[in-house]
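Trainee: Attaching a predicted model along with its sequence, questions to come.
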Amino acid sequence: MRCDWFKKNLSAYIDGEVNFLTRWRIKRHLKSCTDCYKDYIRLKNLRKISKIILLKNPEPGFYERLQAKLPRLSPNITLKKTGSLAKFWMLLPLPGKLAIGGVAILILFLLMIYPHLSGSSLNINKFEEEYLRSKEIFSVVEEPAPPLLLVSEER
Amino acid sequence: MGVSDEVLVARFKEGDESSFKELVERYQSRVYSIVLAMLGDKNDADDLSQEVFLKVYRFIHQFKGRSKFFTWLYRLTINTCISARNKKKRNNQILLSQSLKKDFTPIDTLDTLQNDAKSPIEILQNRELEKKIKLALDSLSDGLKEVFVLREIEDLSYKQLSRILHCPEGTVKSRLFRAREELKKKLMPYIDEL
């Protein structure tokens, strides 16, 4: 009765599909019960054999043979046809896409924002020169004082 | 690390045929192994695994990405195998039963093979023995065989198997247990030797 429960759970135990408590109980039981241990070894051997026998490769040229059948399906296929540039973009791995994006942003920055920065605040010498010149103009140009008009208050 | 299945499927949906090629090359052995184990005939297995990939090509737009690609692919493979088997059965019911009776030899009686082989590798190299193991697999019902084959070929978890086979995890567990019990009984002399 006790072994029945263990034997029923051995298959799941081998697959690693039992909870911690069940695994611990089975492990402990296998140490003490030779009959169940033999069953466990048989199941493991069965797995070993089946894996070797089941895993097979198809005849070489599988895709080529498949490809020969693909064009016949064309009326039913609803795949979108894309240009070579879009295809390149789709095939490009993520780091490549990020690199291209970064370069594009840098070029945009250099073309549109940088010229404005260099024309105003960055060219200190030019700014200073203009400032001094304007100050000079204001200090040199002195307008003559307007002639005094003497108006007698007494009439 | 290679590109994930999801990325390849997305690219293929966009029209990139090289992604389809990559998917085929990634899964051809596993699909072929499943089909071969389910049908037991090399020629049929080759044609049918190609049919599976043709279905992938044709119906990829129906795959919405709610599950893993391989879950969808294996479900497709199992369905294709079952329908091919049913079709074959319908067309050739009498002939099939006759040939099965003729070819099948109870494994327990094959003592000579067991004695000839000395080590596990030699046992596995023995083509005759391989045939017998395949026959033992063939004697399983479709329900038991599909769960056993998927588990052994792909090492899928019970959860994944339940998703592929559309049945509860408890059913997967009991089917696997039953499949292994049947195989164990039939192959007892050989697995004891390993």
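Mentor: Perfect, thanks for sending it.
Trainee: For the rest of this, base every contact and every neighbour count on C-alpha atoms.
Mentor: Will do.
Trainee: would you put the C-alpha positions of the helix or strand that contains B:Leu129 in PDB?
Mentor: When elements are assigned from DSSP states H and E, B:Leu129 belongs to helix B:127-138. Presented in PDB, the C-alpha positions along helix B:127-138 are these (Å, rounded to 0.1, in the frame of the first residue of the first chain):
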ATOM      1  CA  ARG B 127      19.000  -2.000 -34.800                       C
ATOM      2  CA  GLU B 128      16.700  -4.900 -34.100                       C
ATOM      3  CA  LEU B 129      16.300  -3.800 -30.500                       C
ATOM      4  CA  GLU B 130      15.600  -0.300 -31.700                       C
ATOM      5  CA  LYS B 131      12.800  -1.700 -33.800                       C
ATOM      6  CA  LYS B 132      11.300  -3.500 -30.800                       C
ATOM      7  CA  ILE B 133      11.400  -0.400 -28.700                       C
ATOM      8  CA  LYS B 134       9.600   1.500 -31.500                       C
ATOM      9  CA  LEU B 135       7.000  -1.300 -31.600                       C
ATOM     10  CA  ALA B 136       6.500  -0.900 -27.900                       C
ATOM     11  CA  LEU B 137       6.000   2.800 -28.400                       C
ATOM     12  CA  ASP B 138       3.600   2.100 -31.300                       C
END
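Trainee: other SSEs contacting it?
Mentor: Based on contacts counted as 3 or more Cα pairs under 8 Å, 6 or more residues apart in numbering or on different chains; DSSP states H and E, the elements that helix B:127-138 packs against are helix B:17-39, helix B:169-186.
Trainee: The shortest one - what's its average pLDDT?
Mentor: It refers to helix B:169-186. What helix B:169-186 shows for mean pLDDT is 91.
Trainee: right, is that helix up against chain A?
Mentor: Yes. Helix B:169-186 lies within reach of chain A by Cα under 8 Å from any Cα of the partner chain, at B:Lys173, B:Leu176, B:Phe177, B:Arg180, B:Leu183, B:Lys184.
Trainee: Of all the helices and strands in chain B, which has the lowest average confidence?
Mentor: Sorted by mean pLDDT, DSSP states H and E, the helices and strands of chain B end with helix B:111-116, the least confident at a mean of 41.
Trainee: would CSV of the residues of helix B:169-186 next to chain A with neighbour count be doable?
Mentor: Putting the residues of helix B:169-186 next to chain A into CSV (neighbours: other Cα atoms under 10 Å in any protein chain shown) gives the following:
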residue, neighbour count
B:Lys173, 20
B:Leu176, 24
B:Phe177, 19
B:Arg180, 22
B:Leu183, 19
B:Lys184, 20
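Trainee: quick one: low-confidence parts of the chain?
Mentor: Here I'm looking at chain A. Of all residues in chain A, those with pLDDT under 70 make up the ranges A:1, A:71-84, A:86-87, A:90, A:115-124, A:137-155.
Trainee: Chain B was what I was after
Mentor: When the per-residue scores of chain B are filtered using pLDDT under 70, the ranges that remain are B:1, B:92-126, B:128, B:193-194.
Trainee: So which bits of it are right by chain A?
Mentor: Selection of chain B residues close to chain A by Cα under 8 Å from any Cα yields B:11, B:13-16, B:21, B:24-25, B:28-30, B:32-34, B:36-37, B:46, B:50, B:53-54, B:57-58, B:61, B:124, B:130, B:149, B:152-153, B:157-158, B:173, B:176-177, B:180, B:183-184, B:188, B:191-192, B:194.
Trainee: Of these, grab the buried ones for PyMOL.
Mentor: Here is the PyMOL command that picks out the buried ones among the residues of chain B next to chain A, judged by 16 or more other Cα atoms under 10 Å in any protein chain shown:
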select buried, chain B and resi 11+13+14+15+16+21+24+28+29+30+32+33+34+36+37+46+50+53+54+57+58+61+124+130+149+152+153+157+158+173+176+177+180+183+184+188+191+194
